[in-house]
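> Got a predicted structure plus its sequence, pasted below:
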Amino acid sequence: MNHEIGIVDVAKAAGVSIATVSNVINGKGRVSGETRRKVERIIAELGYTPNLPARHLKTNRSDLIGVVVPTMQPGRLQDNPFYWDLLAGVEEGARDGRYHVILTGIDEERETLAFVKERRLDGLIVVGAGEGSPLVPRVAALGVPAVFIDSYLRSPELNQVVLDDRSGAHAATAHLIGLGHRRIALLTGDMPPEQLPYFGVLYERLLGYRDALEEAGLPYEGDLLLRLPTSLEGGFEAARHVAALPDVTAAFAFSDVMAMGLVKGLREQGKRVPHDYSVVGFDNLFVSEYTAPALTTVSQDILAKGRVAVRMLLGQIDGVGDPARRIVLPAELIVRETTGPAGAANARNN
């Protein structure tokens, strides 16, 4: 019968105590660099792997955290690279803390969150749960550490990480107004307008758009708000609607993927960006500067958002929570090649 390598074997081969091996495995305790490297070498040579079920029984932890994304459509996570970057930030922070990540998109109206207890998750990161969402009290009832990203929840007891979405949208709209654009189409996604106040990110960006219009003495026009999916296809389809709106010379999309699709769609409509239409996106995805023309967009550090959220969550799990329950990250307008003066387009329309 083959002998299963255990922590005792590692300690014996390394000439150290079992406690020292345990400290090396768990990244805890005071162990010199030389001893740590020696133990890690012995672990690799012997092919030792920790007995996770036994460790979890002893610590009452699973070393698993869940990332939950309420989604209206099953393909939403794949369609928007924002979630790829966010998850990369979460995974990076979790890996540093020796945790693994489970990602799931859910129907927030029907999801019971039973999997949290079944998998014995140590904590949850919830992305984009709006005020009034049934998901929020269900998460609270679980009694597990939780952090909400991009949710704009009013309760001061909830741990949250958000972006300064309102100022970012204000900067984007003011930039277009400063270039002479007066009727600016708005691509918000496929959320019904009456539901926008319950979805913090979208609503904050809408408020920023309206703030800039008001400051410039321009009216808010509901017919300039276009409802289409947050995807490349949604943006592409929006081009036809934008081109049909009289005197519209610019569009502000609430995501880079929609803006990219819009630029392509306008091109296929025979329109030039930015000569005929200026376009601004939101997120500053890594591909934004490589589009042709390069996309003007509102930048947010998506990776940092994920890292900050997981740091807050692990602090709760370890009982050393951050005193700040709500962290607001900055947004910055990045001006590239898809925006320009409205003169040429205005001449076309007059």
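Perfect, thanks for sending it.
> got a list of what the residue nearest to the spatial centre of the chain touches?
For the chain, the residue nearest the mean C-alpha position is Leu86 (4.3 Å; C-alpha atoms, centre = their mean). Residues near Leu86 by C-beta atoms under 8 Å, 6 or more residues apart in numbering: 127, 149, 302-303, 305-306. To be clear about C-beta, it is placed using only N, CA and C from the backbone, and glycine gets the same treatment.
> Next step: those restricted to helices.
Counting by DSSP state H, the part of the contacts of Leu86 found in helices is 302-303, 305-306.
> got a winner among those for most neighbours?
Among these, the one with the most neighbours (other C-beta atoms under 10 Å) is Gly306, at 27 neighbours.
> For that one, which non-adjacent residue is closest in space?
Gly89 (2.3 Å; C-beta to C-beta, 6 or more residues apart in numbering).
> wouldn't that neighbour be in contact with Leu303 here?
Yes: with contact defined as C-beta atoms under 8 Å, Gly89 counts as touching Leu303 (3.9 Å).
> doesn't the residue nearest to the centre of the chain fall inside a strand?
No: secondary structure assignment places Leu86 outside any strand; it is helix (DSSP: H, G, I helix; E, B strand; the rest coil).
> Same list, the contacts of Leu86, but as JSON lines with pLDDT please.
Below are the contacts of Leu86 laid out as JSON lines (pLDDT from 0 to 100):
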{"residue": "Val127", "pLDDT": "92"}
{"residue": "Ile149", "pLDDT": "95"}
{"residue": "Ile302", "pLDDT": "93"}
{"residue": "Leu303", "pLDDT": "92"}
{"residue": "Lys305", "pLDDT": "95"}
{"residue": "Gly306", "pLDDT": "94"}
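> Let me know the closest of the residues you listed to Pro246.
Among these, Ile302 lies closest to Pro246 (C-beta to C-beta), at 36.1 Å.
> give the contact list for the closest one.
82, 85-86, 89, 283, 285.
> Touching stretch 20-31 from outside, list them.
7, 10-11, 14, 19, 35-36, 39-40, 43, 50, 98.
> tell me the mean pLDDT over it?
Average pLDDT, stretch 20-31: 78.
> looking at the sheet around Thr297, what are its partners?
With DSSP bridges as the criterion, Thr297 is bridged to Gly281, Ile334.
> For it, give its distance to His181.
Counting by C-beta to C-beta, to the nearest Å, the gap from Thr297 to His181 is 16 Å.
> Between the two, which has more neighbouring residues?
When Thr297 is set against His181 and neighbours are counted by other C-beta under 10 Å, the residue ahead is Thr297, at 30 against 26.
> Tell me which residues touch the more buried one, please.
172, 256, 259, 280-285, 288, 333-334, 336.
> hmm, try it at 10 Å
168, 172, 253, 255-256, 259-260, 279-285, 288-289, 291, 332-336, 338-339 (C-beta atoms under 10 Å, 6 or more residues apart in numbering).
> C-alpha coordinates for the helix or strand that contains Val279, PDB please?
Following DSSP states H and E, one finds Val279 within strand 278-283. Provided in PDB are the C-alpha atoms of strand 278-283 (Å, rounded to 0.1, in the frame of the first residue of the first chain):
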ATOM      1  CA  SER A 278     -18.800  62.100 -31.300                       C
ATOM      2  CA  VAL A 279     -18.900  59.100 -29.100                       C
ATOM      3  CA  VAL A 280     -18.000  58.600 -25.400                       C
ATOM      4  CA  GLY A 281     -17.900  55.400 -23.500                       C
ATOM      5  CA  PHE A 282     -17.500  54.400 -19.900                       C
ATOM      6  CA  ASP A 283     -15.100  52.000 -18.200                       C
END
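> Which strands and helices lie in contact with that strand?
helix 82-96, helix 165-178, strand 184-189, helix 232-244, strand 250-253, helix 256-268, strand 296-299, strand 332-334 (3 or more C-beta pairs under 10 Å, 6 or more residues apart in numbering; DSSP states H and E).
> most packed of these?
Comparing the helices and strands packed on strand 278-283 by mean neighbour count (mean count of other C-beta atoms under 10 Å), strand 250-253 ranks first with a mean of 30.
> re the thing from before, can I get the helices and strands packed on strand 278-283 in TSV with mean pLDDT and distance to Gln195?
Shown next, in TSV, are those (pLDDT from 0 to 100; distance: least, C-beta to C-beta, whole Å):
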stretch	mean pLDDT	distance to Gln195
helix 82-96	88	20
helix 165-178	98	17
strand 184-189	96	11
helix 232-244	96	17
strand 250-253	98	19
helix 256-268	97	18
strand 296-299	98	22
strand 332-334	97	27
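> tell me the two of the contacts of Leu86 that are most distant?
Longest span within the contacts of Leu86, C-beta to C-beta: Val127 and Leu303, 14.2 Å.
> pretty sure Ile18 is in contact with Lys12, am I right?
Yes: using C-beta atoms under 10 Å, Ile18 makes contact with Lys12 at a distance of 9.2 Å.
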